[in-house]
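J.: sequence and computational prediction follow.
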Amino acid sequence: MPGANRWLALVALVTAGFDLVVFVLLHLMQPEVDLLREPTSAYVHGEFGLLSPLAAAAVGIGGLALAVAASRAATAMPGRIGAGLLAVFGLAKLAQAFFPIDAAGESTPTGATHNLLGNIAFFLLPVAAVLVTRTVARATGRDHPAWWPATAAWLLVATTALVLAGDGLGFFGLAQRIYLISAMAWTALVASWLWRPRV
């Protein structure tokens with residue numbers, strides 16, 4: 001695997017780690033946010049709210065780095081399409097860092113932009129994961145057993161469905177947190193494959 005891909009993978013690994021650290025810190029430092037119903041974006045309005053857009057920007061940068069690395073590793077069209085979708089995901093998350101969610105009871109263009117960018121990122125990531133993961137697994141010698149790359153991606157798809165269900169059943173916040181953890185895990189897994197290929 002070319003050296004440039006290893007550095008791109010390292011960027012994705014570091015940003016996923018940063019996102020996880022911020023995720024844990026915000027939950028510890030701002031317990032007033034309702035874990036069951038409120039999205040993690042609501043942390044932006046608390047005392048340590050600055051960490052929230054920093055994490056979003058990190059996720060965006062990591063997504064872009066992983067997209068470039070995946071596109072370089074891809075040898076088939078599905079992988080290239082997945083890398084392109086992953087790049088759009090990264091751009092959406094990076095832009096979202098500059099548009100905080102509305103506080104309760106507010107309705108502003110900034111908040112609407114935040115929601116739009118969040119929805120784009122939310123729906124693109126699982127599709128990108130399904131298309132990219134097998135390509136990366138094969139490029140790094142990890143296509144045996146074949147079910148493992150697919151499992152890593154489809155777990156993200158399953159948590160996406162959980163968020164949609166939670167939105168209608170009153171546990172959106174909890175479902176979103178499970179989705180975010182699965183996204184961090186997927187990013188770290190694929191980035192680690194690119195960083196240390198089994199060849």
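T.: In hand now; what should we look at?

J.: I'd like to know how far residue 178 sits from residue 156.
T.: The gap separating residue 178 from residue 156 is 11 Å, by Cβ to Cβ, to the nearest Å. (Glycine included, C-beta is placed from N, CA and C.)

J.: who's more crowded, these two?
T.: residue 156 (21 against 15; other Cβ atoms under 10 Å).

J.: for the host helix or strand of that one, name the packing helices and strands.
T.: Here residue 156, judged by DSSP states H and E, is contained in helix 147-169. Applying 3 or more Cβ pairs under 8 Å, 6 or more residues apart in numbering; DSSP states H and E, we find helix 147-169 packed against helix 109-139, helix 172-195.

J.: and it, how far from the chain's centre?
T.: 13 Å (Cα atoms, centre = their mean, to the nearest Å).

J.: ok, stretch 70-78 next?
T.: The answer for stretch 70-78 is 19 Å, by Cα atoms, centre = their mean.

J.: for the most far-flung residue of the chain relative to its centre, what is the enclosing helix or strand?
T.: Here the chain reaches farthest from its C-alpha mean at residue 105, the gap being 27.6 Å by Cα atoms, centre = their mean. If you go by DSSP H and E, residue 105 is not part of any helix or strand.

J.: tabulate the CA atom coordinates of the lowest-mean-pLDDT helix or strand in the chain in CSV.
T.: Lowest by mean pLDDT, DSSP states H and E among the helices and strands of the chain is helix 147-169, with a mean of 89. Extracted C-alpha coordinates of helix 147-169, given in CSV (Å, rounded to 0.1, in the frame of the first residue of the first chain):
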residue,chain,number,x,y,z
TRP,A,147,-18.4,-11.9,5.8
TRP,A,148,-16.3,-9.8,8.1
PRO,A,149,-16.0,-6.7,5.9
ALA,A,150,-19.7,-6.9,5.0
THR,A,151,-20.6,-7.2,8.7
ALA,A,152,-18.6,-4.1,9.6
ALA,A,153,-20.5,-2.0,7.0
TRP,A,154,-24.0,-3.6,7.5
LEU,A,155,-23.8,-2.9,11.2
LEU,A,156,-23.7,0.8,10.3
VAL,A,157,-26.7,0.3,8.1
ALA,A,158,-28.6,-1.4,10.9
THR,A,159,-27.8,1.5,13.3
THR,A,160,-29.1,3.9,10.7
ALA,A,161,-32.4,2.1,10.6
LEU,A,162,-32.4,2.2,14.4
VAL,A,163,-32.1,6.0,14.3
LEU,A,164,-35.1,6.2,12.0
ALA,A,165,-37.1,4.0,14.3
GLY,A,166,-36.0,6.0,17.3
ASP,A,167,-37.1,9.2,15.7
GLY,A,168,-40.7,7.9,15.6
LEU,A,169,-40.7,6.0,18.9
